[in-house]
Every structure is written in C-alpha cells, then in structure tokens.
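Trainee: Predicted structure and sequence below. I'll ask about it afterward.
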Amino acid sequence: MTTGAAGRRAVPRRVAKVETFIVTLPRDTPYLGPLGPDESVNPRGYIVRKGNGTIYPTVDRSIAVRVTLDDGSEGWGETYGICAPRATCEIINDLLAPVLLGHDPEEVEAIWDELYGLMRVRGCGGGFHGDALAALDIALWDLRARGRGLPLAALLSSEAPRPVPGYLSGLPAATLAERVEMARAWQRQGIDAFKFAAVVSHEGIAEEFAALRVALGSDADIMVDLHWKFDAASAHALASRLAPYKPRFLEAPVKPELVGELAAVCRSWPGLIAAGEEWYTEYEAALRLPAAPLAYVQPEMGHTGITQFRRIAALAGRYGALVAPHATIGTGIFLAASLHVSSTLPNLWKHEWQHSVFARNLALLDTDMGCERGVYRLPGGPGLGVKPGAAFWEHARLVA
C-alpha cells in the first residue's frame with residue numbers, strides 16, 4: 001500500500017512474485033556438539049541423536065523467501081530448512097504462492113488465516129505447511145512495515161521497544177569439563193543465564209547441572225533442554241534430583257503430543273516448566289495452556305511466523321506465562337522478526353541466544369543486529385532491518 005500525506009490508504013500494492021531459496025552453511029562441529037557414542041553421519045548428511053531420536057543435519061540450513069510486489073518492493077522471510085528443505089519450498093511454490101499472488105500485504109493476518117485454511121481439512125496444521133506459512137508471513141510483515149518506513153517493532157506498538165535480554169543456549173563441547181569451562185568463559189564476558197542440552201549431556205543431566213551450578217555460582221540462571229526425552233514419572237523424578245541446584249526452568253520434559261503428561265509435570269512443578277517451540281499456532285497453544293500451567297512459553301518464529309507468534313504470546317499472557325522465545329538455526333532473518341516482536345511483549349522473559357550460530361550466520365546479512373553482554377541489539381531501519389548481503393548469495397540456491 002502507498003499512503004498520502006495524511007497517512008490515508010491509497011492504491012494497494014499487490015504480490016507479484018514469490019521466490020524460495022535454500023541457504024546452506026557448512027559447520028565444523030554439528031549442531032549441539034560433537035558426535036556422541038554410537039552416532040554417525042548417514043549418506044544424506046544427517047545425524048540421529050541417540051539422546052532423543054531426533055534427526056539433525058551436519059550443516060546449518062534454512063529457507064529464505066523473497067516476496068516482490070507490483071511496485072518492485074521486496075520483503076524477506078525465512079523458515080526452517082533443517083530437514084528435507086525442498087519439501088517446504090515445494091509447498092510454497094506449488095500450493096501457497098499461486099494463491100498469494102495479487103494479495104495486499106496490508107491484509108497479512110487475514111492472508112495467514114486464508115492460506116492456513118487451504119489445508120485444514122487435510123490435517124496440515126503444522127509441519128512443512130506451517131513452516132511455509134511462517135516464511136511468507138514474515139515477508140509480508142516486512143513489506144507492510146517497509147511500506148510505512150517503520151521498523152517492525154514500531155509498526156506493532158506505539159511504545160518504545162523494550163530491551164530484549166538473551167540467555168546463552170548450548171555448550172557444544174565434547175566433555176563435561178570442556179562444557180563447564182565454556183560456560184565460565186562466557187560468564188567472564190558478562191553472561192548470566194545458560195542452557196545446556198540433555199541430548200549431549202553424556203555424563204548425566206544431574207551431574208552436568210551440579211557441575212555448572214558449582215562453577216557459575218548461585219546467582220546464575222541455569223536451564224536444561226530435555227528434548228522431550230521423558231515420560232511424566234521420570235521427568236518428575238529428574239526434577240526432584242535437580243531441585244537442589246535451583247534450575248530456572250526445565251524445557252520440553254515430555255513428548256509434545258502427550259498433553260496430559262505435560263499437564264501433570266506442570267502441576268507437580270509449578271513455575272518450573274517451559275515448552276512450546278514445536279507449536280505452530282494459537283490453536284495448538286489453546287489445547288495445552290488450559291490444562292498445563294506452563295511457567296514459560298517458547299514460540300519459535302521459524303515455525304509460527306509473526307502472526308501466530310503474537311497470538312501465542314498473547315494467549316500465554318492470559319494464562320500467566322512468561323514468553324521465552326526459542327531461536328533455532330537460520331541466517332538471521334526470522335531471528336530479526338522474533339526480536340522485533342519480542343521487544344513489544346509485556347510478558348517477555350529472555351530470548352534464546354544460539355551463540356554458536358548467531359555471529360557467523362549473521363555475516364550473511366546486511367544488518368546492524370547484534371548481541372552484547374547478554375542483551376540483543378534490534379536491527380535498525382525499516383521492516384525487519386535485515387536483507388541478504390553478498391555472502392548470502394554465495395550460499396543460497398534458488399528453488400523454482
């Protein structure tokens with residue numbers, strides 16, 4: 001849309017083109033850390049982590065989407081490309097983009113509802129379909145804010161952006177001693193909140209928690225991502241073992257499908273449980289929050305897009321939960337969206353900071369986004385405040 005001097009709606013701008021790109025960045029050490037016992041890389045370049053049976057690539061990979069309007073304006077979005085990225089690209093190119101053409105990005109929330117509804121009766125409420133929606137949604141919000149010359153945060157709220165503190169996520173070293181020393185090195189740089197991954201805690205989760213508490217002291221926030229490893233009874237037993245070490249939260253203790261077990265753990269340990277990175281929509285959140293009194297809800301922008309991220313955060317607030325957004329592997333496009341939205345949330349706690357990914361992957365973009373001493377710096381400029389730089393195009397492949 002263009003606006004006149006008084007900000008009145010003028011001639012709508014329309015979506016004219018949608019392009020998808022797979023962006024792949026090699027890495028020396030696989031995500032979460034070196035290979036563990038009985039883990040190997042399969043012929044397609046994936047690892048199945050024995051700790052939780054989940055598949056991961058050995059590279060950093062995401063899907064970027066460029067949406068171009070009939071006036072030449074461009075907006076950028078991004079989503080997961082961790083596994084089978086061409087599946088998500090095909091959903092966008094074959095199913096969603098033809099329907100999106102001709103739409104006005106001003107109607108972005110209605111567009112999400114329309115595109116989601118295309119596959120509702122086919123059971124596609126998330127997964128690759130949800131990721132495809134997220135990428136397009138982010139690009140449309142980027143266009144909407146750019147069309148007004150505003151940073152996304154300013155479009156979403158008339159109040160000044162709130163600071164977005166981060167917590168350090170992941171200690172990707174091979175041994176417990178090395179992981180503890182890595183955490184201590186970050187603490188010396190001013191970091192005061194740390195999360196480790198149970199999947200690669202080969203010496204034992206309680207043992208790692210105890211070692212970190214001794215090394216980091218009583219004032220540090222320490223969390224553990226349990227990666228859906230447990231049933232309710234074993235999660236309860238683990239929480240009892242960890243209680244003396246005063247965890248800030250225990251993340252994803254049980255499989256996301258098991259709402260009853262999540263509810264049981266939340267009731268047993270009020271104020272301690274975090275979950276939600278795998279939720280795509282407010283519909284999924286609404287099925288869980290009434291029964292499971294979570295302390296922290298963790299929307300992942302790469303799954304939700306901006307529209308659903310905001311709706312999930314608002315629902316979390318109504319149930320008294322803080323928001324601690326998840327941040328996974330990407331170039332930084334959907335991270336920029338997550339930071340902008342997070343800066344407008346009254347119930348924000350801290351935002352995950354994937355330190356082993358953030359700085360090097362951010363080099364693919366033109367942006368002033370950063371994270372210093374545990375506090376994020378929002379990208380400046382209109383829209384998301386990010387766009388692909390020269391290095392991006394060295395690692396991006398157009399998928400027609």
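Mentor: Looks like it came in fine.
Trainee: Distance from the helix ranked longest in the chain to the middle of the chain?
Mentor: Across the chain, the longest stretch assigned as helix under DSSP state H is helix 127-148. Taking C-alpha atoms, centre = their mean, to the nearest Å, the mean C-alpha location of helix 127-148 is offset from the chain mean by 14 Å.
Trainee: Which neighbouring elements make contact with that helix?
Mentor: strand 59-69, strand 74-80, helix 85-90, helix 108-117, helix 152-156, helix 301-318, helix 333-342 (3 or more C-beta pairs under 8 Å, 6 or more residues apart in numbering; DSSP states H and E). Placement of C-beta: from N, CA and C, glycine included.
Trainee: Where do the strands of the stretch 201-350 of the chain begin and end?
Mentor: Along the stretch 201-350 of the chain, counting by DSSP state E, counting those that start in this stretch, strands occupy 221-225, 249-251, 273-275, 296-297, 322-323.
Trainee: Which one, of those, ends up nearest to E372?
Mentor: E372 lies closest, by C-beta to C-beta, to one member of the strands of the stretch 201-350 of the chain: strand 221-225, at 18.1 Å.
Trainee: picking that back up, what inclination does the longest helix of the chain have with respect to helix 301-318?
Mentor: Relative orientation of helix 127-148 versus helix 301-318 (axes from the mean of the first three to the mean of the last three C-alpha atoms, to 10 degrees): 80 degrees.
Trainee: tell me what the helix or strand of the chain with the lowest mean pLDDT is packed against?
Mentor: Ranked by mean pLDDT, DSSP states H and E, the weakest helix or strand in the chain is helix 355-362, scoring a mean of 88. On a contact count with 3+ C-beta pairs under 8 Å, 6+ apart, helix 355-362 meets strand 370-372.
Trainee: I'd like the next helix or strand past the strand it packs on.
Mentor: strand 375-377 (DSSP states H and E).
Trainee: Now do the buried residues in that following strand.
Mentor: Y376 (16 or more other C-beta atoms under 10 Å).
Trainee: could you give me the average pLDDT of it?
Mentor: Per-region confidence: strand 375-377 scores 97 on mean pLDDT.
Trainee: what does that strand rub up against?
Mentor: Outside of strand 375-377, the residues within contact range by C-beta atoms under 8 Å, 6 or more residues apart in numbering are P163, V164, P165, G166, L339, H351, W353, D368, M369, G370, C371.
Trainee: on that earlier part again, quick one: distance of the least confident helix or strand of the chain to the chain centre.
Mentor: Distance, centroid of helix 355-362 to centroid of chain: 14 Å (C-alpha atoms, centre = their mean).
Trainee: Dump that helix to PDB, keeping only the CA atoms.
Mentor: Output of helix 355-362 as PDB, limited to C-alpha atoms (Å, rounded to 0.1, in the frame of the first residue of the first chain):
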ATOM      1  CA  HIS A 355      25.900 -18.200  20.300                       C
ATOM      2  CA  SER A 356      27.400 -21.000  18.200                       C
ATOM      3  CA  VAL A 357      25.200 -20.000  15.200                       C
ATOM      4  CA  PHE A 358      24.400 -16.300  15.600                       C
ATOM      5  CA  ALA A 359      27.500 -14.300  14.800                       C
ATOM      6  CA  ARG A 360      28.800 -16.400  11.900                       C
ATOM      7  CA  ASN A 361      25.500 -16.900  10.200                       C
ATOM      8  CA  LEU A 362      24.600 -13.200  10.700                       C
END
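Trainee: Which helix or strand lies directly C-terminal to it?
Mentor: Next helix or strand after helix 355-362 toward the C-terminus (DSSP H and E): strand 365-366.
Trainee: What strands line up against that following strand, and which way round?
Mentor: Here strand 365-366 is paired, per DSSP bridges, with strand 387-388 (antiparallel).
Trainee: which of the contacts of strand 375-377 sit farthest apart?
Mentor: The widest separation within these, taken as C-beta to C-beta, falls between P165 and D368 and amounts to 18.4 Å.
Trainee: Between those two, tell me which one has more neighbours.
Mentor: Higher neighbour count among P165 and D368: P165, with 18 against 12, using other C-beta atoms under 10 Å.
Trainee: Let me see the contact set for the residue nearest to the more buried one when sequence neighbours are not counted.
Mentor: In space, and not counting its chain neighbours, P165 is closest to K350: 4.6 Å by C-beta to C-beta, 6 or more residues apart in numbering. Residues counted as contacts of K350 (C-beta under 8 Å, 6+ apart) are V164, P165, G166, Y167, A193, A324.
Trainee: any chance you could map the helices in the stretch 151-300 of the chain?
Mentor: 152-156, 176-188, 205-216, 232-242, 259-268, 282-288 (DSSP state H, counting those that start in this stretch).
Trainee: domains in this protein, as residue ranges please.
Mentor: The record assigns the chain these domain ranges, following automatic domain parsing: 15-150, 155-383.
Trainee: With respect to F392, which of those lies nearest?
Mentor: F392 lies closest, by C-beta to C-beta, to one member of those: domain 155-383, at 4.2 Å.
Trainee: what bridges to D366?
Mentor: K387.
Trainee: I'd guessed it sits against A391; true?
Mentor: No - contact criterion C-beta atoms under 8 Å: D366 and A391 do not qualify, at 9.7 Å.
Trainee: any idea how far the residue lying closest to T281 once chain neighbours are set aside is from H340?
Mentor: By the measure of C-beta to C-beta, 6+ apart, the closest residue to T281 outside its immediate chain neighbours is Q308, 5.1 Å from it. Q308 is 15 Å from H340, where distance means C-beta to C-beta, to the nearest Å.
Trainee: Equivalent analysis for S157, please.
Mentor: Separation of S157 from H340 (C-beta to C-beta): 10 Å.
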